[in-house]
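Visitor: Fold the stuff below for me.
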Amino acid sequence: MPSAAARSVLFFRTYREATLPLYAALVDELCASPHLPLQLATVLEDIGQEFIKLAETVNAALNRLGALDHEVDADLTIEARVDAVMARFARIGSSMLSIADGQAGPALTDESFRQALRIALVMIHDLPIAGRR
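Guide: Reported below is the predicted structural model:
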């Protein structure tokens, strides 16, 4: 079983993959609405700034541990590996069909299937921990 720290990172990775598309869809809908709230951009910016502060706190702790002293190969990150799998998947394509009322039709849109696959891939990766090599 992964440590609490590893589970926390996994939570944030999955949260990002699952919620950002939802936020984007909501913002798109609100931007097309005649009732677009004036404060929406400010609220979203405030949320982003708070996440940046959290990231700076983590980076400071990693720096104290000496974990930022070595360069990470960008092709070996979890995100890069997931993106590579997703690119292969996109080349292969999907042909998911469901049977509804005797007619074949798409069970999931390609985009929703890709999103579900991305979340699954993010969730199964082991996470490197600072100080371990």
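Visitor: what's the neighbour count on V82?
Guide: 20 (other CB atoms under 10 Å). For the C-beta atoms, the positions are set from N, CA and C on the backbone; glycine is no exception.
Visitor: Compute the distance between A116 and A55, please.
Guide: To A55, A116 is 26 Å away according to CB to CB, to the nearest Å.
Visitor: which of these two has more neighbours?
Guide: A116 (13 against 10).
Visitor: which element is that one on?
Guide: Per DSSP states H and E: A116 is located in helix 110-124.
Visitor: Kindly report the same for Y23.
Guide: Using DSSP H and E, Y23 falls in helix 4-31.
Visitor: Quick check: buried residues in that helix?
Guide: V9, L10, R13, E17 (16 or more other CB atoms under 10 Å).
Visitor: who's in contact with the nearest residue to P37 once chain neighbours are set aside?
Guide: Distance criterion CB to CB, 6 or more residues apart in numbering; nearest residue to P37, sequence neighbours excluded, is L30 at 7.1 Å. The contact partners of L30, by CB atoms under 8 Å, 6 or more residues apart in numbering, come to L36, P37, L40.
Visitor: Out of those, the closest to Y23 would be?
Guide: Nearest to Y23 among the contacts of L30 is L40, at 11.0 Å by CB to CB.
Visitor: any idea how far the nearest residue to the closest one once chain neighbours are set aside is from Q49?
Guide: Distances taken as CB to CB, 6+ apart place L30 nearest to L40, at 6.3 Å, with adjacent residues excluded. According to CB to CB, L30 stands 20 Å off from Q49.
Visitor: any low-confidence regions in the chain?
Guide: Low-confidence segments of the chain (pLDDT under 70): 1-2, 72, 74, 76-79, 89-115, 117-118, 121-133.
Visitor: packing partners for the one helix or strand I47 maps to?
Guide: Assigned by DSSP H and E, I47 belongs to helix 40-64. Counting by 3 or more CB pairs under 8 Å, 6 or more residues apart in numbering; DSSP states H and E, the packing neighbours recorded for helix 40-64 are helix 4-31.
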